[in-house]
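Undergrad: Next come a sequence and a model predicted from it.
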Amino acid sequence: MGRIHSIETFGLVDGPGVRYVVFLQGCRMRCQYCHNPETWAMDAGEEQTAEEVFRKAYRYHNYWKKNGGITASGGEPLLQAGFVAELFTLAKEKGIHTALDTAGNPFTWEEPFFGSFQRLMEVTDLVMLDMKELDIRRHRELTGQDNQNILDMADYLSGQGKEMWIRHVLVPGLTDDETGLLALRERINGWKTVSRVEVLPYHTLGLFKWEKLGIPYPLSGVRPPTDDEVRRAEEILGVGGEML
């Protein structure tokens, strides 16, 4: 059984083509700019089997054409790696493209997680990795969690030949400094399988959710980045440049 937060039937920003996006419940990170804080709780959401989820998803397969498919997002889908592996196995039996949208926080070399992760990677075509911050101290301040295991995961995926997209949320005064962006660019250049880099502008569309849950919003007063600031970050990170 998996715990499902919500479904998006026609996702256009969660991987290539038109995607059926399964948002899973549960996350250990507490990102200061999170726009889905209601996904944090591990024991919420609707319990469903992988077969149930896939059956609902497959109704839309005619819309996916050749480059669409199914994306597992969250929350943090790696907290339910076994469930996602089962869902993706059903998808691959039908030749469907599979994508994992993750921040990488649950990754560990220890069992039973690592074996489950390996099984998941066997049926995952694309990993979209949200790199919050490269500096470990700032990452901890931003998310409440360390990031060395996340970097280990990216190194492992690169060594295994697994295609990755790298995403970075741009928050003025928090994740937009040139030194940090240049360091992230250098790290990305060391990963051999990155086919795309995306800069995601910070927004406040999820602020009402924090207020509804009674959680103090830590970035009150922080503005979204300007178009020029986004373009500058894209230039530093090499967005649009030659990949692979």
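TA: On my side now, so go ahead.

Undergrad: ranges for the strands of this protein?
TA: Applying DSSP state E to the chain gives strands spanning 2-11, 19-24, 46-48, 69-73, 97-102, 126-130, 164-170, 194-201.

Undergrad: got TSV for those strands, with distance to Gly144 too?
TA: In short, each C-beta sits where N, CA and C put it, glycine included. Converted to TSV, the strands of the chain look like this (distance: least, C-beta to C-beta, whole Å):
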stretch	distance to Gly144
strand 2-11	20
strand 19-24	19
strand 46-48	26
strand 69-73	20
strand 97-102	17
strand 126-130	15
strand 164-170	15
strand 194-201	20
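
Undergrad: Tell me which of these sits most buried.
TA: strand 69-73 (a mean of 27; mean count of other C-beta atoms under 10 Å).

Undergrad: okay, it in CSV with CA atoms only?
TA: These are the backbone C-alpha positions of strand 69-73, laid out as CSV (Å, rounded to 0.1, in the frame of the first residue of the first chain):
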residue,chain,number,x,y,z
GLY,A,69,4.2,9.0,-19.0
ILE,A,70,4.0,8.6,-15.2
THR,A,71,5.8,10.7,-12.6
ALA,A,72,6.1,10.0,-8.9
SER,A,73,6.5,13.2,-6.8
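
Undergrad: how much does that strand deviate in direction from strand 126-130?
TA: 30 degrees (axes from the mean of the first three to the mean of the last three C-alpha atoms, to 10 degrees).

Undergrad: as a whole number, average confidence for stretch 111-127?
TA: Average pLDDT, stretch 111-127: 98.

Undergrad: how long is that stretch end to end?
TA: For stretch 111-127, the separation between the terminal residues is 21 Å (C-alpha to C-alpha, to the nearest Å).

Undergrad: Stretch 154-166 too?
TA: 10 Å.

Undergrad: what does it rub up against?
TA: 15, 104, 121, 124-129, 131, 187-188, 190-198 (C-beta atoms under 8 Å, 6 or more residues apart in numbering).

Undergrad: if you skip the residues just before and after it, what's nearest to Lys65?
TA: Excluding the flanking residues, the one nearest Lys65 by C-beta to C-beta, 6 or more residues apart in numbering is Gly17, at 6.2 Å.

Undergrad: again, but for Arg187
TA: Closest to Arg187 by C-beta to C-beta, 6+ apart is Leu134, at 6.1 Å.

Undergrad: The one you found reaches Leu184, doesn't it?
TA: Yes - counting by C-beta atoms under 8 Å, Leu134 touches Leu184, with 4.9 Å between them.

Undergrad: Show the contacting residues for the residue nearest to Lys65.
TA: Applying C-beta under 8 Å, 6+ apart, we find Gly17 in contact with Trp64, Lys65, Lys66, Asn67, Gly68, Gly69, His97.

Undergrad: Tell me how many other residues crowd Pro112.
TA: 10 (other C-beta atoms under 10 Å).

Undergrad: Report the separation between it and Asn62.
TA: Pro112 sits 37 Å away from Asn62, going by C-beta to C-beta, to the nearest Å.

Undergrad: can you check Met29 too?
TA: From Met29 over to Asn62 the distance is 36 Å, taken as C-beta to C-beta.
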